[in-house]
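Peer 1: Requesting a structural model of the entry that follows:
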Amino acid sequence: MTDKSADDLHNELMDYPCVFTIKTMGHAANSQFNLIVVEIIRRHVTEIAENAVTSKFSKTKKYISLSVTITAENKQQMDAIYKDLSDCEHVLMSL
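Peer 2: Presented below is the predicted three-dimensional model:
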């Protein structure tokens, strides 16, 4: 039996293009968080619909989560988005 690589498993699970929601979390005190995250994603996605971005505060209002729904074209695009989000000091977590 051969072990499959992470890329092989990913390709079996995802069919591109596909609608995909990227979720990020940051500190609610950062009033620019939404703009920063959307700008990062826009570097890789040609169009983000107005209603494709939603946000929600944590119960304590200390954190904010931002969900951005996009049409993902391929794995390389997704990898690039998540790398840029990971490199951003304002993004605490991305899913």
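
Peer 1: Tell me which residue is most central in the chain.
Peer 2: Central residue of the chain (C-alpha atoms, centre = their mean): Ile22, 3.0 Å from the mean position.

Peer 1: Make sure I have this right: it is in a helix.
Peer 2: No. Counting by DSSP: H, G, I helix; E, B strand; the rest coil, Ile22 is not part of a helix but strand.

Peer 1: Buried residues in stretch 73-88, which are they?
Peer 2: For stretch 73-88, the buried set under the neighbour-count rule, 16 or more other C-beta atoms under 10 Å, comprises 77-78, 81-82, 84-85, 88. To be clear about C-beta, it is placed using only N, CA and C from the backbone, and glycine gets the same treatment.

Peer 1: Mark which of those residues are part of helices, please.
Peer 2: Of the positions in the buried residues of stretch 73-88, 77-78, 81-82, 84-85 sit in helices, assigned by DSSP state H.

Peer 1: Tell me the one among the residues you listed nearest to Lys59.
Peer 2: Leu85 (23.6 Å; C-beta to C-beta).

Peer 1: what's near enough to touch the closest one?
Peer 2: By C-beta atoms under 8 Å, 6 or more residues apart in numbering, the residues touching Leu85 are 22, 24, 37, 40-41, 91, 94.

Peer 1: same deal with Val37?
Peer 2: 24, 26, 66, 68, 85, 88, 90-91.

Peer 1: Quick one: classify it as helix, strand or coil.
Peer 2: At Val37 the chain is in helix, as set by three-state DSSP.

Peer 1: How far does the helix or strand harbouring Asn34 sit from its chain's centre?
Peer 2: Using DSSP states H and E, the element containing Asn34 is helix 33-42. Put simply, helix 33-42 sits 10 Å off its chain's centre (C-alpha atoms, centre = their mean, to the nearest Å).

Peer 1: buried residues in that helix?
Peer 2: Burial within helix 33-42, assessed by neighbour count using 16+ other C-beta under 10 Å, is assigned to 33-34, 36-38, 40-41.

Peer 1: All set, thanks.
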